[in-house]
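# Predicted model follows, preceded by the sequence.
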Amino acid sequence: MLHHVEINISDLNRSREFWGWLLTELGYHPYQEWDSGISWKQGATYLVFVQTEERFLSHPYHRRRTGLNHLAFHATSRQQVDDMASELKRKGIAVLYEDKYPNAGGPGHYAVFFEDPDRIKVELVAPDHE
């Protein structure tokens, strides 16, 4: 079981707004908060977001470089994926691969893909059994 993931972000306030909304929708609750970071927890696993130090901000994140490619979360249903896709659009957050939605991950893979404020790709995946 995964204990936690810590992600450095470029703007704590933007990330707090984005991730706070998303993780709350997915059943996480606020866990820790300090001057340069915040975390949300569900069960035994938590996600931590920490403000990148100024001296490291000149090299922005890109998922094609070595390191994290994306985070994928379990949805409770296809309806939750569809509701999330609608809410993302309402909030002005682009849905990636929209022309292939909801099967951009391949046949039988029902998901929505989008990016956080630092362009970290996020995926919400419906259960296989639907």
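That came through fine.
# Can you show me the strands along the protein?
Residue ranges of the strands in the chain, as given by DSSP state E, are 4-9, 29-34, 37-42, 45-51, 70-74, 95-96, 111-115, 121-125.
# could you dump the third one to PDB, C-alpha only?
Spelled out, that is strand 37-42. C-alpha atoms of strand 37-42 as PDB (Å, rounded to 0.1, in the frame of the first residue of the first chain):
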ATOM      1  CA  GLY A  37       2.700  23.000   2.000                       C
ATOM      2  CA  ILE A  38      -0.500  21.200   2.400                       C
ATOM      3  CA  SER A  39      -1.700  17.600   2.300                       C
ATOM      4  CA  TRP A  40      -4.900  15.600   1.800                       C
ATOM      5  CA  LYS A  41      -5.600  12.100   3.100                       C
ATOM      6  CA  GLN A  42      -7.800   9.200   2.300                       C
END
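# Within its sheet, name the partner strands of that strand and how each one runs.
Paired neighbours of strand 37-42 in the sheet (DSSP bridges): strand 29-34 (antiparallel), strand 45-51 (antiparallel).
# Could you count how many residues lie near the spatially closest residue to Pro117 that is not a sequence neighbour?
Excluding the flanking residues, the one nearest Pro117 by CB to CB, 6 or more residues apart in numbering is Arg14, at 4.2 Å. For the C-beta atoms, the positions are set from N, CA and C on the backbone; glycine is no exception. Residues contacting Arg14 under the criterion other CB atoms under 10 Å number 13.
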